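Student: sequence plus predicted model, see below.
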Amino acid sequence: GENVEQHPSTLSVQEGDSAVIKCTYSDSASNYFPWYKQELGKRPQLIIDIRSNVGEKKDQRIAVTLNKTAKHFSLHITETQPEDSAVYFCAASIRSSGDKLTFGTGTRLAVRP
Amino acid sequence: DVKVTQSSRYLVKRTGEKVFLECVQDMDHENMFWYRQDPGLGLRLIYFSYDVKMKEKGDIPEGYSVSREKKERFSLILESTSTNQTSMYLCASSSSDLVTSSYEQYFGPGTRLTVT
């Protein structure tokens, strides 16, 4: 089955700096890659996703890049703010298999004011 | 606005007791999922369901069973709890409409189960 590895497990940045979280996946058939954000005590929520026919996607301060050849994808957060502090999870899926996501182990991001 | 609810926020059970966790979604989603979340291990899929009365094993099904008698309701059953089942349990749902719907999984608030 699919295996998703995520690094780093913890990340601390100064407010205004950029943060990058990286994930690798094992199944070359995977074609959908979402990122979820989980604030303390709250449920995970989708923040951005990318499909395998696209190499990069941006939404304001967040962007995701995908390298299908190397089987890795990354989340980039620019101009970080204290409210970006949370745990971020990457995931991979073979869309035709009906939404079964395999998640990474999570990255705890702390943004220092 | 999608709403996914879970029957309990906190539960404390003794080893060997039966636990029944219920999840309800109000968006007519076909797909429903049960995950457990543990520090350093991320979200691990226990079971999922594509349709009523249909279920598929996830990555860690041992010690768990599920039931889906109605489209909006997906239940996780722990027949005889053990201490290693102490965890946060999250339910999620999503649409299977590949053309018009978002791929997003919507999560419930979670149930923190402690087995002593």
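Tutor: On my side now, so go ahead. Residues are numbered from 1 along each chain as shown, chains lettered A, B, ... in the order given.
Student: neighbours of residue 110, how many?
Tutor: You didn't say which chain, so I picked chain A. Applying other Cβ atoms under 10 Å in any protein chain shown, we find 14 other residues in the vicinity of A:A110. C-beta: built from backbone N, CA, C; applies to glycine.
Student: meant chain B, my bad for not saying
Tutor: Other residues close to B:G110 by other Cβ under 10 Å number 23.
Student: what residues does it make contact with?
Tutor: A:R43, B:Q6, B:R9, B:Q37, B:M88, B:Y89, B:L90 (Cβ atoms under 8 Å, 6 or more residues apart in numbering or on different chains).
Student: the most centrally placed residue in chain B: which element?
Tutor: Residue closest to the mean C-alpha point of chain B, counted by Cα atoms, centre = their mean, is B:W34 at 2.5 Å. Taking DSSP states H and E as the criterion, B:W34 maps to strand B:31-38.
Student: other SSEs contacting that strand?
Tutor: On a contact count with 3 or more Cβ pairs under 8 Å, 6 or more residues apart in numbering or on different chains; DSSP states H and E, strand B:31-38 meets strand B:19-25, strand B:42-49, strand B:73-78, strand B:87-94.
Student: now those as CSV including distance to A:G16 and mean pLDDT?
Tutor: Below are those laid out as CSV (distance: least, Cβ to Cβ, whole Å; pLDDT from 0 to 100):
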stretch, distance to A:G16, mean pLDDT
strand B:19-25, 39, 97
strand B:42-49, 28, 95
strand B:73-78, 43, 97
strand B:87-94, 32, 96
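Student: what's the closest of these to A:K22?
Tutor: Of all the helices and strands packed on strand B:31-38, it is strand B:42-49 that lies closest to A:K22, at 14.7 Å by Cβ to Cβ.
Student: so the nearest residue to A:V64 once chain neighbours are set aside: helix, strand or coil?
Tutor: Excluding its sequence neighbours, the residue lying closest to A:V64 (Cβ to Cβ, 6 or more residues apart in numbering or on different chains) is A:I50, at 4.7 Å. Applying DSSP: H, G, I helix; E, B strand; the rest coil to A:I50 yields a three-state assignment of strand.
Student: could I get the contacting residues of A:I50?
Tutor: Each residue near A:I50 by Cβ under 8 Å, 6+ apart is listed here: A:Y32, A:F33, A:P34, A:E56, A:K57, A:V64, A:T65, A:L66, A:F73.
Student: how about the residues of chain A near chain B?
Tutor: A:1, A:6, A:9, A:32, A:34, A:42-46, A:49, A:89, A:93, A:95, A:98-106 (Cβ under 8 Å from any Cβ of the partner chain).
Student: rewinding a little: send me the strand holding B:W34 as CSV with only the CA atoms.
Tutor: C-alpha atoms of strand B:31-38 as CSV (Å, rounded to 0.1, in the frame of the first residue of the first chain):
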residue,chain,number,x,y,z
ASN,B,31,-17.8,8.1,1.8
MET,B,32,-17.2,7.9,5.5
PHE,B,33,-14.0,7.1,7.4
TRP,B,34,-12.8,6.3,10.9
TYR,B,35,-9.2,7.4,11.9
ARG,B,36,-7.2,7.3,15.1
GLN,B,37,-4.8,10.0,15.8
ASP,B,38,-1.7,9.4,18.0
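Student: relative to strand B:73-78, how tilted is that strand?
Tutor: Strand B:31-38 runs at 40 degrees relative to strand B:73-78, counting by axes from the mean of the first three to the mean of the last three Cα atoms, to 10 degrees.
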